[in-house]
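Trainee: with the input below, show me the fold.
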Amino acid sequence: MRGRPSYDLVPPACERQPWQRPDANGPYLCVLLKQWGCDASLEYVAPPDMTWPPLESRDAELAFRRQLAALAQRYDLLVGTGVLADDPHQDAALNRLPVFPVSEARVTLPQVRGARFNFGRSEDRSPAQRRTLELIDAAGRPRGSRVVTYFDQATLVNLPGYPGDVAILAHTILRRLIDLLEFVDVPGPYWETGVLGAPTSRDPARHDLRWATLAAGAAGAAGEPVVTPLAGERADALGALAGADALVAIEAGAPPLAAGSPVLVMRLDQSRRPVRAVRDATQAAQSPAVDASATAAPDSARKDATSAAVAPSPDDTIAAAWARLDAWRRTLPADAPEPFRGPASDDDLRALEAGLGVALPEAWRASLRLHDGQEAGRTEPFAGETLLFARQILAQWSIWRDLVVRGDLADCEGEPEPGIRGDWYNLKWIPLTHNGSGDHLCVDLDPDEGGRIGQVIRVWHDSPERELVAQGVGEWLARGAPG
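Mentor: Modelled structure (predicted):
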């Protein structure tokens, strides 16, 4: 569902003034939402006229808010559009944060198109409810309880701008929001690495998202899709979207990007499974691996499928490692502290991936579903390392993220082993363990040439060495299993 306030757009086939345009945003969003499987309807809501005298303007705004409140009673998600994102419209209609009663936020991105949106939640539509969930470990023993509070609120998101901006925001921001609301295992949108099929200009100061075509039957040296941005786009029209297969992210910079340059690509026609996961599954079946949790990087050496066909699946590798760890646990004295936590819930994993903004390797997810790490301070049997549980993974990663965002690490460089990038810290190095002194083993989701997605690396907080420890989570767990 969407409500669409507008100053210059009017419903199609309605009378309009010379400066007004027939609405294209509404029909486009309605069709797109239906393609995604949503039960969508289109409603037009007139915004308050802020040129009226103060008292009348205030009454008009109150009436506008009452209309939104009524819509929030009927729909779980309201998607607004129709107001431009630039001055003097930034504080008009749904662009104004006060129309969102709860948790309102405005987001501005340093990019050319689709650079601004805002969102919030409605008032409670019914009283909040609490449920107590009883937790058990892998052996079926009680492990305490957790209280979960459920709020009945509508979610509101506003996508301002011309049709081209709105379409970009829909495929990126709106797609992810809907997946999160529907508890999709791996929320989209899904990006993969491609290569440019032609030289491409770029903005010197801001990143850009452009509509593009995928070359049929063509692929890069490592099998990546070949993508070519479409020319002649106009911000005030859907333009190139009609012939586009994908969105391509163009990083800011002065010189044009040469043909063959790597870029991030998002296919417009994608299922709710990451494209990368499909490709990585194929590569894993073709790659020699001690641990099938490690997915081959695009340029990793490959052996034939015959030798790889006998490699254990990620779930089998993890299950075997944890079977040995659980056997060791059963040898401990009866009064010994429990070394491992129970399984992570689906909500825990969804919250972790949403916070990180990445999908975890399937092997790591399988491990967390068996045992959600260890309580703080537990280090056996991992030689002084504590295996982090889901919330601690996000907490430790957030500490590093804040250092990166503040620029504290801008002048620091690592001294990596081959296959590891030369960063002091990379936001796609996800903490797996913690030694209590600021150092980690991390799962590397952004390896350098010759590395593997999912490899385990050592990251020191006060030393530049970045060392390869294991090819994947399963291999590392197996090493830690006594006996």
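Trainee: with E134 as the reference, measure out to the spatially most central residue of the chain.
Mentor: In the chain, the residue lying closest to the centroid (CA atoms, centre = their mean) is G357, at 3.5 Å. Distance, G357 to E134, by CB to CB, to the nearest Å: 31 Å. Glycine gets a C-beta too; all of them are placed from N, C-alpha and C.
Trainee: please apply the same query to G161.
Mentor: On the measure of CB to CB, G161 and E134 end up 48 Å apart.
Trainee: which of these two has more neighbours?
Mentor: More crowded of G161 and E134, by other CB atoms under 10 Å: G161, with 25 against 9.
Trainee: for the protein, which helix extends over the most residues?
Mentor: helix 54-74 (DSSP state H).
Trainee: send the alpha carbons of that helix over as CSV?
Mentor: Output of helix 54-74 as CSV, limited to C-alpha atoms (Å, rounded to 0.1, in the frame of the first residue of the first chain):
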residue,chain,number,x,y,z
PRO,A,54,-0.9,29.9,9.8
LEU,A,55,-4.1,28.8,11.5
GLU,A,56,-5.5,27.2,8.3
SER,A,57,-2.1,25.6,7.5
ARG,A,58,-2.1,24.1,11.0
ASP,A,59,-5.6,22.7,10.6
ALA,A,60,-4.7,21.3,7.2
GLU,A,61,-1.6,19.5,8.5
LEU,A,62,-3.6,18.0,11.4
ALA,A,63,-6.2,16.7,8.9
PHE,A,64,-3.3,15.3,6.8
ARG,A,65,-1.9,13.5,9.8
ARG,A,66,-5.4,12.1,10.7
GLN,A,67,-5.6,10.7,7.1
LEU,A,68,-2.2,9.0,7.6
ALA,A,69,-3.3,7.6,10.9
ALA,A,70,-6.4,6.1,9.3
LEU,A,71,-4.3,4.5,6.6
ALA,A,72,-1.9,3.1,9.2
GLN,A,73,-4.9,1.3,10.8
ARG,A,74,-5.6,-0.4,7.5
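Trainee: next SSE after that helix?
Mentor: strand 77-80 (DSSP states H and E).
Trainee: what about that following strand, average pLDDT?
Mentor: The average pLDDT for strand 77-80 rounds to 90.
Trainee: by contact count, what packs against the helix or strand following that strand?
Mentor: The first helix or strand that comes after strand 77-80 along the chain, using DSSP H and E, is strand 102-108. Secondary-structure packing of strand 102-108 (3 or more CB pairs under 8 Å, 6 or more residues apart in numbering; DSSP states H and E): strand 116-121.
Trainee: residues contacting the next helix or strand after the strand it packs on, please?
Mentor: Using DSSP H and E, the helix or strand that follows strand 116-121 in sequence is strand 126-136. With contacts defined as CB atoms under 8 Å, 6 or more residues apart in numbering, strand 126-136 is touched by 142-152, 342, 345.
Trainee: at 7 Å instead, please
Mentor: 142-152, 342 (CB atoms under 7 Å, 6 or more residues apart in numbering).
Trainee: quick one: buried residues of that strand?
Mentor: By 16 or more other CB atoms under 10 Å, strand 126-136 has no buried positions at all.
Trainee: now do that strand: distance to the chain's middle.
Mentor: Strand 126-136 sits 27 Å away from the centroid of its parent chain (CA atoms, centre = their mean, to the nearest Å).
Trainee: likewise for stretch 155-174?
Mentor: 17 Å.
Trainee: could you number the chain from 59 rather than 1 from now on?
Mentor: OK, 59 is where the count begins now, so the last one is stretch 213-232.
Trainee: mind checking the end-to-end distance for that stretch?
Mentor: 11 Å (CA to CA, to the nearest Å).
Trainee: picking up where we left off before, now the contacts of strand 184-194 in CSV, with distance to S456?
Mentor: CSV is the format used below for the contacts of strand 184-194 (distance: CB to CB, whole Å):
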residue, distance to S456
P200, 30
R201, 25
G202, 24
S203, 26
R204, 21
V205, 23
V206, 22
T207, 23
Y208, 25
F209, 24
D210, 29
G400, 24
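Trainee: by neighbours, which of these wins?
Mentor: Top of the contacts of strand 184-194 by neighbour count (other CB under 10 Å): G400, with 20 neighbours.
Trainee: that one touches L428, doesn't it?
Mentor: No - counting by CB atoms under 7 Å, G400 stays clear of L428, with 9.1 Å between them.
Trainee: quick one, the longest helix of the chain and strand 174-179 angle?
Mentor: 70 degrees (axes from the mean of the first three to the mean of the last three CA atoms, to 10 degrees).
Trainee: flag every buried residue along helix 112-132.
Mentor: 118-119, 122, 125-126, 129-130.
Trainee: can you tell me what sits against it?
Mentor: Taking CB under 7 Å, 6+ apart as the rule, helix 112-132 contacts 61, 101, 103, 105-108, 110, 136, 157, 180, 183, 212.
Trainee: now, which of the contacts of strand 184-194 sits nearest L446?
Mentor: G400 (14.8 Å; CB to CB).
Trainee: what helix or strand does the closest one sit in?
Mentor: With DSSP H and E as the test, G400 turns up in no helix or strand.
Trainee: next one: the one 5 residues further on
Mentor: When secondary structure is defined using DSSP H and E, the element that contains D405 is helix 404-414.
Trainee: give me phi/psi at the residue sitting furthest away from the middle of the chain?
Mentor: Relative to the C-alpha centroid of the chain, counting by CA atoms, centre = their mean, P111 is the outermost residue, at 44.8 Å. Per-residue torsions, P111: phi -60, psi 160 (degrees, to the nearest 10).
Trainee: which ones are touching V501?
Mentor: V501 neighbours (CB under 7 Å, 6+ apart): 419, 422, 488, 490, 512, 514, 531.
Trainee: just the helices in the stretch 209-358 of the chain please.
Mentor: 221-227, 233-239, 333-344 (DSSP state H, counting those that start in this stretch).
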